[in-house]
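Visitor: need a 3D model of the sequence below.
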Amino acid sequence: MRMPWWSVFGCPHRLLGRALRKLWRPAPWWSVVASVGVGWGVAQGQPVPGDSLPPIPPLAASSPPATPAPSASGRPTPTLPAPVVNPLPPLLPVPAHEPPLAEVPRPPMGGGIEYDPGYQYLPETLPQRPGNADQYGAGGRWWVTPSFELGWMPRSIVATDLRLRLNDPAMRGGNGPCPVLPSAGTHAGQFGAGMALAVGRWFGQNNIHGLEGNFYFLNSATTYDAFMPGYVVSFPRSRGTAAAQILPYPPAVSPVVVGTFPFTLDTFFATVEVNYRRNMIGTPHARLDLLAGYRYGYVEDALYLGDSSDRYDDYRHNRFAVANHFHGGQIGLAGEVRWEGWYVAGAAKIALGGTTPDLTTTGAFAGAEGLIGHRFRPLGALAQEERTEFAVLPTVNVQLGHRLGEYSRVFVGYSFAYLSHVTRISDATRLGFSPLNTNDFWVQSIGLGADFRF
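Guide: Down below sits the predicted model:
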C-alpha cells in the first residue's frame, strides 16, 4: 500500500519515541557486572591519606544565600558571587603638594668656609680651627728665626805699650831690647756686626708647651799698622792671615831699617740659651709665655799680630786674650700681640750665675812686659789665679713685624744684654800685682730678620 507524501515526516511523537528507544536500549546482564568490577578496582588503587597531613579546617559558617526575588516576568533573578576580601592593608592616600621649607641663613664660620652642623652634607674641605692658627701666630709647629744685627758695645783701651819676647832671643846676640808693640791707646771700636738665630717647637694640640734655643753674637775689630825698628815681621801665607814670624835685621842695617806689620784688637760677645716655654695667657690675638732654662755668655778681648781673618786660625799663635765665661740659670717672660697682619713681640729674661775670667798669651806675647815711664815691667795680670764671681745677665728683645703669609713674617727688632762682672783687656794690661778689676759690660743692637714656620 502506497503511503502519502506527508507521511515521510510522520507524527512527531512517533519520531521522538523511536530515537529514545535507540539511546536507551537495555544492555545485556554481563555488561553490567563488568562495569561494576572495573569501578571497584580503580577505587582500591587510590592512596589513602596519612596521619601527618593537617586536618582540613571546618568551613566558616556563612549565612544562607538569599533567595532571589522573582522578576516581573516570573523568572528567578540570577545570584551574583560574593565579593572577594583582600587580605592586604589599604594603600595610603597621596599627600597633598606642600611648598618647600624656607632656608635658614647660615652665619659665616671664618676662614672662607661656611659650615652648619644642622645640615646633613659632606663639605669639600674640613673646617679650619682658628684656635690653633691664632696660637701659632704664623702657622706650623716649628719656627726658625734668623736676623742680621748691627750693634755697639763699650770700648776697652789698652793701657800701655807691650814689649814682646822672641822665641830665640840669641838671634840678637843678647844686645838690644826685644821688639816693642805700640799698643797704648788702641781699642777694638764700638760698632760691630753679628747675627741671631732662634729655633723652637711647640708640643701638644693647644701649643701650651714648647722648647726653644737661641744664639746671638756680635763682633767688633780694628786693625792698626805698627812700626818695629830693626825687625821684619813676615807672614808666610799672606799679609796678616798666618802665624807671624819676627826676624831681626843684620846689625849693620838694623838702625836705619824699620819693619811694618799689622796688629788687631778684637772684641767678641756671644750668648747661647735653651728655654722651656709654658703658655700662661692665650687669646685669639695675643699670648704670654713663661720661660725657664739655661744661658751661657762669652766676652773676649784679644790682641794679636796680623789682620782679622775668616779662613785661618794661625793668628792664635801670637795672641794676648782675656775671655770671660758665664754660666747661669734663667727665667723670664715672652709674648706677642697681633692685629690685622701686624704684630709686636717681646721677651724679658734674667740669668743668675757666675763669671770666670781666663787670660792666655801665646807666641811673642808670652812673658810680655808693659812700659812704665822708660822701663818695662812684667804684667801682674799674667800671674793672677783663676777665680769666679757672681754675676747677672739680663736681656731684653723687642720686635715689630708684619705677616707675609701663613708661614712667614718679617720684622725689625732691638736687643739689649748686660753682664755685671767681666774683665777687659784694659784691666789686664795694668801694671802691678793687685787683683784684676772687673767692670760691667753691655751690648745693644738693631736687627732685621724673618720668621719661618712649618
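Visitor: show me the shaky parts of this structure.
Guide: Residue ranges of the chain with pLDDT under 70: 1-86, 102-124, 126-139, 167-177, 236-243, 308-315, 381, 383-384, 431-435.
Visitor: what's the longest strand in it?
Guide: strand 258-283 (DSSP state E).
Visitor: put the alpha carbons of the helix or strand just after that one into CSV.
Guide: Where DSSP states H and E defines the elements, the next helix or strand beyond strand 258-283 is strand 286-305. Only the C-alpha atoms of strand 286-305 are listed here, as CSV (Å, rounded to 0.1, in the frame of the first residue of the first chain):
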residue,chain,number,x,y,z
ALA,A,286,97.8,87.6,72.0
ARG,A,287,99.7,85.1,74.2
LEU,A,288,102.1,85.3,77.1
ASP,A,289,104.6,82.5,78.0
LEU,A,290,106.7,81.7,81.0
LEU,A,291,110.4,80.8,80.3
ALA,A,292,112.8,78.8,82.3
GLY,A,293,116.2,77.5,81.2
TYR,A,294,120.0,77.8,81.0
ARG,A,295,122.2,80.6,79.5
TYR,A,296,125.8,80.7,78.6
GLY,A,297,127.6,84.1,77.9
TYR,A,298,131.1,84.8,76.5
VAL,A,299,133.0,88.1,76.3
GLU,A,300,136.5,88.2,74.9
ASP,A,301,139.1,91.0,74.2
ALA,A,302,142.0,89.8,72.0
LEU,A,303,145.2,91.5,70.8
TYR,A,304,147.2,89.6,68.1
LEU,A,305,149.6,90.1,65.3
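Visitor: quick one: strands adjacent to the longest strand of the chain?
Guide: Looking at strand 258-283 with DSSP bridges, its partner strands are strand 209-229 (antiparallel), strand 286-305 (antiparallel).
Visitor: need those in a markdown table (columns: mean neighbour count and distance to Gly259).
Guide: Every residue, glycine included, has its C-beta placed from N, CA and C. Output for the strands paired with strand 258-283, formatted as a markdown table (neighbours: other Cβ atoms under 10 Å; distance: least, Cβ to Cβ, whole Å):
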| stretch | mean neighbour count | distance to Gly259 |
| --- | --- | --- |
| strand 209-229 | 17 | 5 |
| strand 286-305 | 20 | 12 |
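Visitor: how about those in TSV, adding distance to Glu389?
Guide: Shown next, in TSV, are the strands paired with strand 258-283 (distance: least, Cβ to Cβ, whole Å):
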stretch	distance to Glu389
strand 209-229	23
strand 286-305	13
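Visitor: for Pro146, which of these is the nearest?
Guide: Proximity to Pro146, assessed across the strands paired with strand 258-283 by Cβ to Cβ, is greatest for strand 209-229 (9.9 Å).
Visitor: Gly367 contacts Thr361, correct?
Guide: Yes - judged on Cβ atoms under 8 Å, Gly367 makes contact with Thr361 at a distance of 7.5 Å.
Visitor: what do the two both touch?
Guide: Common neighbours of Gly367 and Thr361, counting by Cβ atoms under 8 Å, 6 or more residues apart in numbering, are Leu382.
Visitor: which one's more surrounded, those two?
Guide: A direct count of neighbours by other Cβ atoms under 10 Å for Gly367 and Thr361 places Thr361 higher, at 19 against 13.
Visitor: now do the buried residues in whatever helix or strand the more buried one lives in.
Guide: Taking DSSP H and E as the criterion, Thr361 maps to strand 342-362. Across strand 342-362, burial judged by 16 or more other Cβ atoms under 10 Å covers 343, 345-351, 353, 355, 357, 359, 361.
Visitor: and Leu150, what does it touch?
Guide: By Cβ under 8 Å, 6+ apart, the residues touching Leu150 are 191-194, 445-447.
Visitor: swap in 10 Å and give it another go.
Guide: 191-194, 218, 445-448 (Cβ atoms under 10 Å, 6 or more residues apart in numbering).
Visitor: can you check Met228 too?
Guide: By Cβ under 10 Å, 6+ apart, the contact list for Met228 reads 164, 179-182, 246, 248, 258-261.
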